[in-house]
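[1] no FASTA, just this:
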């Protein structure tokens, strides 16, 4: 999800100066654009660029004072800032709340180190997630960009000439680190004696390529520049040829150096040399090219690459990954070493290759809430049917027919959302007849609708106790499921799984197919939350088979709709949106035929999420508002917190920060009114991100710490994610 619109700095070269404009790039961009001009002495600019090259050439030299290096770079960068930018552009760059900056350049301006422009000691590439976009006069066909979906495929080419041990170790380390994220990215590692034919044949098969090896630049013939392999070079011209008919990777990281095993001094045209190879990839459909301008020490190179890919797989934008990588080098080696200054990004810095793992918060939240709202409601519904059968055929459930009438009345009140009357009516039933088991899940479900998890859990335990005393094992299994789900919502996953297992074992032992199916589905959601999607699909397949075989029975038909819904959720998490919509639609049709309002709300929100992922924002908003209307009518406080949180996330992605803030605050208010911990954490996290974007660091810290405190007790991965956001504020 994009958290803000990027800022675009557009610069054109004139005969004796520069023309430029700075503006926000977004769906509601202004139709008018202001340009300003400044006179520039290109001779002086060239001299300053040479001075910066001289400073960068001193990186790593013995006897060099890092503080002096930094001062020299700041002085030259400050003069470039003063000479190259107009007053209005400087003011905008100083005052903007945007964190992303696209520098759009004519090719004649690529030799200028724009990343190192310095304002009052702060460099542009450390202040912004900065990427270059270059305008060319070359006649080129529009590039064929690669479609990204599902698990990413990555090719690591490390030490292809067998003479760079550091490059080999870098590639191996990146492979081992990313192998832990197999659900997000599939790694293919290739090292030593790699020839150019192998690369030409296989380059098109990957979404990401990381190259760690030699690169040779040819100043006289730029198209002959290229990566060095065992049988020669893969030149810029080779890249253009391969990319004529096929889409090349979306991201190329060229962690390459010159052929020398020690660092050679950079020449004044180092930017042009780097661009000669980068441009070939960009012309061929590569969205982002990250390049190292000079050979740097192996540990430094590895540190940057590790941080870059860690952030990338968390869903950060490419530009933010580069900037965070720079900050990591500063933290580990010091700002005066200038290692951070040796990387360039070509491409839109605001683009993210992976789905954001805070929006993991959203996906995990939906996994919990969506599966939460249905299973509990359906347990109550199926128990109501069980109870009805008992009254009609055995006469043992209640000796007083008025009890049955009161229970039917409470069901109707529940469907209308009159929750207080439901509790009052059902409480009167169980006080008089504590073995009237069907009332307990309805009481518990009403408490959960109101966000009173303590009373819900207490009711489920009473339900289990009286079911056991009565030797009613169907109700006992259902009680275990309710207890397990309540623990799950509180983040107590071990206890949740324990009660699910008890319910599954008991239902299988007693040949209770209804509760067996429910237990399988709840366990599937548990595995889904752990991102074990294959196991989750296996359990959902078993559950849906049980229900499909018995769909002529009302309660099994209801649970079949739940299965379809959760399969849709699984495919949403895997970003197979076509399959997700198919199963959500099946679920929606069944819920509509069954007239189950609360479950329709879930369908609307999850279908809306799919539309949001497809960037169909109006369709997403329409779905969300339909779901919100249902939950407001039912007085479902817990759902309303989730509803407003998701609507706020949508408005953030649309760039409407005021409306996003309004809904996040409503989400937090609703969650705090019922002390729903995970919902408080989610809303607080989103508010923290919003205030971070607006530049309100203290408010951002306040909300992020609130989220961190809750996640420290519940979910390690979410805790680490919030921790990283807090660290980025320092």
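    Sure thing, it's come through. Treat the numbers as computed from the prediction; the structure is a model and nothing was measured.
[2] Near residue 33, how many other residues are there?
    By other CB atoms under 10 Å, 11 other residues sit near residue 33. All C-beta spots, glycine's among them, are computed from the backbone N, C-alpha and C.
[3] That should have said residue 711, apologies.
    Neighbours of residue 711 (other CB under 10 Å): 25.
[4] Residue 545 now?
    For residue 545, using other CB under 10 Å, the count is 14.
[5] the helices in the stretch 401-550 of the chain, which residues?
    In the stretch 401-550 of the chain, helices defined by DSSP state H, counting those that start in this stretch lie at 401-416, 419-432, 439-449, 453-469, 473-489, 493-509, 513-529, 533-548, listed in chain order.
[6] in the chain, which ranges drop under the pLDDT threshold?
    1-4, 26-31, 138-144, 147-150, 180-183, 257-275, 355-401, 714-717, 730 (pLDDT under 70).
[7] Kindly report the domain assignment for it.
    Using automatic domain parsing, the domain parsing of the chain gives 7-135, 152-295, 359-635, 636-730.
[8] Ok, which of these comes nearest residue 315?
    domain 359-635 (6.8 Å; CB to CB).
[9] if we can go back for a sec, which stretch among the helices of the stretch 401-550 of the chain comes nearest residue 98?
    Across the helices of the stretch 401-550 of the chain, residue 98 has its closest neighbour in helix 513-529 (34.0 Å, CB to CB).
[10] Just the buried positions in the closest one, please.
    Of all the residues in helix 513-529, those buried under the rule 16 or more other CB atoms under 10 Å are 513-529.
[11] one step back: so can I have JSON lines of the domains of the chain showing distance to residue 301?
    Formatted as JSON lines, these follow (distance: least, CB to CB, whole Å):
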{"stretch": "domain 7-135", "distance to residue 301": "12"}
{"stretch": "domain 152-295", "distance to residue 301": "6"}
{"stretch": "domain 359-635", "distance to residue 301": "29"}
{"stretch": "domain 636-730", "distance to residue 301": "22"}
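[12] I'd like to know which of the ones you listed is closest to residue 320.
    domain 7-135 (4.6 Å).
[13] Just the terminal-to-terminal distance for that closest one.
    Start-to-end span of domain 7-135 (CA to CA, to the nearest Å) is 17 Å.
[14] Could you dump the helices of the stretch 401-550 of the chain into JSON lines with distance to residue 134 added?
    Compiled in JSON lines, the helices of the stretch 401-550 of the chain are given as follows (distance: least, CB to CB, whole Å):
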{"stretch": "helix 401-416", "distance to residue 134": "61"}
{"stretch": "helix 419-432", "distance to residue 134": "61"}
{"stretch": "helix 439-449", "distance to residue 134": "56"}
{"stretch": "helix 453-469", "distance to residue 134": "56"}
{"stretch": "helix 473-489", "distance to residue 134": "51"}
{"stretch": "helix 493-509", "distance to residue 134": "50"}
{"stretch": "helix 513-529", "distance to residue 134": "43"}
{"stretch": "helix 533-548", "distance to residue 134": "40"}
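[15] Around residue 232, count how many other residues there are.
    Residues within reach of residue 232, counting by other CB under 10 Å, total 12.
[16] do residue 491 as well
    That count, for residue 491 with other CB under 10 Å as the rule, works out to 17.
[17] May I have the phi/psi pair for it?
    The phi/psi pair for residue 491 (degrees, to the nearest 10) reads phi 90, psi 10.
[18] Can you list the buried residues in the host helix or strand of residue 241?
    Using DSSP states H and E, residue 241 sits within helix 236-242. By 16+ other CB under 10 Å, the buried positions in helix 236-242 come out as 236-240, 242.
[19] go on, stretch 471-487?
    Buried-residue list, stretch 471-487, by 16+ other CB under 10 Å: 472-487.
[20] does residue 587 really touch residue 559, like I thought?
    No: judged on CB atoms under 8 Å, residue 587 makes no contact with residue 559 at a distance of 11.1 Å.
[21] So these two - more neighbours on which side?
    Taking residue 587 and residue 559 together and counting by other CB under 10 Å, residue 559 has the greater number of neighbours (30 against 27).
[22] element containing the more buried one?
    According to DSSP H and E, residue 559 maps onto helix 554-573.
[23] same thing with residue 15?
    Here residue 15 is assigned to no helix or strand, by DSSP H and E.
[24] One more: residue 103?
    Secondary structure (DSSP H and E) places residue 103 in strand 100-106.
[25] helices or strands next to that strand in the packing?
    Here strand 100-106 touches strand 7-13, strand 129-135, helix 318-333, going by 3 or more CB pairs under 8 Å, 6 or more residues apart in numbering; DSSP states H and E.
[26] Run through the helices of the stretch 151-300 of the chain in chain order.
    Remark: helices assigned in the stretch 151-300 of the chain by DSSP H, counting those that start in this stretch are 165-178, 196-202, 236-242, 270-283, 298-313.
[27] contacting residues around residue 302?
    By CB atoms under 8 Å, 6 or more residues apart in numbering, the residues touching residue 302 are 166, 169-170, 173.
[28] which one of those is nearest residue 95?
    residue 170 (39.9 Å).
[29] Wait, the closest one touches residue 300, no?
    No: contact criterion CB under 8 Å: residue 170 and residue 300 do not qualify, at 10.5 Å.
[30] neighbour count winner among the two?
    Taking other CB under 10 Å, residue 170 and residue 300 do not tie; residue 170 has more neighbours (26 against 19).
[31] ok, the more buried one - contacts?
    Neighbours of residue 170 in contact, by CB under 8 Å, 6+ apart: 158, 212, 255, 298, 301-302, 305.
[32] ok so, going back, could you provide the buried residues of helix 236-242 in TSV, with additional columns for distance to residue 446?
    Output for the buried residues of helix 236-242, formatted as TSV (distance: CB to CB, whole Å):
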residue	distance to residue 446
236	68
237	71
238	68
239	64
240	66
242	63
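[33] and of those, the nearest to residue 723?
    Distances from residue 723 to these, taken by CB to CB, are shortest for residue 239, at 39.9 Å.
[34] gap between the spatially closest residue to the closest one that is not a sequence neighbour and residue 682?
    Among residues not flanking residue 239 along the chain, residue 280 sits closest, at 4.1 Å (CB to CB, 6 or more residues apart in numbering). Distance of residue 280 to residue 682, given as CB to CB, to the nearest Å: 44 Å.
[35] ok, these two, which is more surrounded?
    The neighbour count for residue 280 versus residue 682, taken as other CB under 10 Å, is higher for residue 682 (29 against 26).
[36] And the next helix or strand past the helix or strand the more buried one falls within?
    Using DSSP H and E, residue 682 falls within helix 677-694. The first helix or strand that comes after helix 677-694 along the chain, using DSSP H and E, is helix 697-711.
[37] next one: the helix or strand following that next one to chain centre, how far?
    Following helix 697-711 in sequence order, the next helix or strand is helix 716-728 (DSSP H and E). On the basis of CA atoms, centre = their mean, to the nearest Å, helix 716-728 sits 13 Å off its chain's mean C-alpha point.
[38] next one: stretch 622-636
    That offset, for stretch 622-636, works out to 25 Å (CA atoms, centre = their mean).
[39] Tell me which residues of it come out buried.
    623-624, 626-628, 630-631, 634-636.
[40] Looking at those, which is nearest residue 454?
    Distances from residue 454 to the buried residues of stretch 622-636, taken as CB to CB, are shortest for residue 636 (17.7 Å).
[41] Measure how the strand holding residue 103 sits relative to strand 7-13, angle-wise.
    Interaxial angle, strand 100-106 versus strand 7-13 (axes from the mean of the first three to the mean of the last three CA atoms, to 10 degrees): 10 degrees.
[42] Given strand 100-106, what are its sheet partners and their directions?
    Its sheet considered, strand 100-106 pairs with strand 7-13 (parallel), strand 129-135 (parallel) by DSSP bridges.
[43] Please name the nearest non-neighbouring residue to residue 599.
    Using CB to CB, 6+ apart and skipping the chain neighbours, the partner closest in space to residue 599 is residue 591 (4.5 Å).
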